[in-house]
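Enquirer: Whatever this is, show me its structure:
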Amino acid sequence: MKIALTGATGFLGQHLLKALLGKGHKVNALIRSPNKLPPELRAHPALTLFQGDLQSDFHNALSGWAKDTDCVIHLAGLIKARTLAEFMAINAEGARQIAQAAQTAKVSRFILLSSIAARQPELSGYSASKYAGELAVKQAYTYGKLAIIRAPAIFGPNDMATRPIFSMLKKGLLPVAGGEWKNINLSMTYVNDLTRDIVGNAVNGAYDDRIVSPSTISKMSWEDFAAFASQALERPVRILPIPIFIMKPVAAITSVSSRAFGVGHLTLGKLREFRYPDWTSADEIDNPTPMIEALRITAASYKKD
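Expert: Below you'll find the predicted structure:
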């Protein structure tokens, strides 16, 4: 197929781009900074780059990006922003514009990478913007088949977002938000499993007109995760509950610094996401990578930790 892709320079995007090209697909990639792609990917004969972003020069970049393609895969988005308005500008309005481009170009399939957090849009600016992005795409794209992938937490080699967690695991600690942490259940997805699932199922129509959360492990407690990590790293991993009376003031301060300076990740909204009790999935990927092996490979990729 010929596929129009956004977010190709990101963590998941680079893995997915390699997988698509490896399966013989041709890819039009909308990229803000082409130099962020490894040279071997930039030079691939089946890859065409379109420089642009989801705001400033969007319309010019899209003039040929979606034309004559069979499928649009929209990955690009923000996981961190100063304000709700910044989240909405990219995760909702940006998604709408991508969907409008697919509609105009009469692309027969649209795959939106959302987040499992969209199940609870009231928790944070991020979760609200991902849910709004789903609604925006549904409104703007009606020509063909739509698949929405509400991805659980994604991890894998050299992912900078999860690196701090693995740094703590290598020290034998797993910090969690205190309080009811024993009642929290979550799902997780290893990046290689997710890319295989997107290429093998979503691109081929298995998820048309569905909302799915493909997972490597569909239900796991923090105690389960600590046990998996202990086996993967071959050392004891102890859960370290951090009291909520400590975390809430820290998150409140971070919320202010994030809004003012773009510094910090643990905002009050993110803390509400961490404390939500049910991030499980009903959609386990076929033949997933064993969790211990996936954690071992990921931990080994952070060589300097």
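Enquirer: you'd agree N158 is up against K303?
Expert: No. In this structure N158 lies outside contact range of K303 using Cβ atoms under 8 Å: 9.5 Å. C-beta coordinates here come from the backbone N, C-alpha and C atoms, glycine included.
Enquirer: Neighbour count for those two, which is higher?
Expert: N158 (13 against 6; other Cβ atoms under 10 Å).
Enquirer: Return the distance of the more buried one relative to F11.
Expert: Computed as Cβ to Cβ, to the nearest Å, the N158 to F11 distance reads 8 Å.
Enquirer: One more: K170?
Expert: 20 Å.
Enquirer: The two: which is more packed in?
Expert: Applying other Cβ under 10 Å to K170 and F11 shows that F11 carries more neighbours, namely 19 against 15.
Enquirer: Tell me who's in contact with the more buried one.
Expert: 154, 156, 158-161, 191 (Cβ atoms under 8 Å, 6 or more residues apart in numbering).
Enquirer: Strands of the stretch 101-250 of the chain, start to end?
Expert: 109-115, 145-151, 153-155, 173-177, 185-190, 210-212, 214-215, 217-221, 238-242 (DSSP state E, counting those that start in this stretch).
Enquirer: what packs against the shortest one?
Expert: Meaning strand 214-215. Secondary-structure packing of strand 214-215 (3 or more Cβ pairs under 8 Å, 6 or more residues apart in numbering; DSSP states H and E): strand 185-190, helix 191-197, strand 283-284.
Enquirer: Dump the ones you listed to a markdown table, plus distance to A105, mean neighbour count and mean pLDDT.
Expert: Formatted as a markdown table, the helices and strands packed on strand 214-215 follow (distance: least, Cβ to Cβ, whole Å; neighbours: other Cβ atoms under 10 Å; pLDDT from 0 to 100):
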| stretch | distance to A105 | mean neighbour count | mean pLDDT |
| --- | --- | --- | --- |
| strand 185-190 | 30 | 23 | 98 |
| helix 191-197 | 24 | 23 | 98 |
| strand 283-284 | 29 | 18 | 96 |
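Enquirer: still on that earlier bit, ranking the strands of the stretch 101-250 of the chain by burial, who's on top?
Expert: A comparison of those by mean neighbour count, using mean count of other Cβ atoms under 10 Å, puts strand 214-215 on top with a mean of 27.
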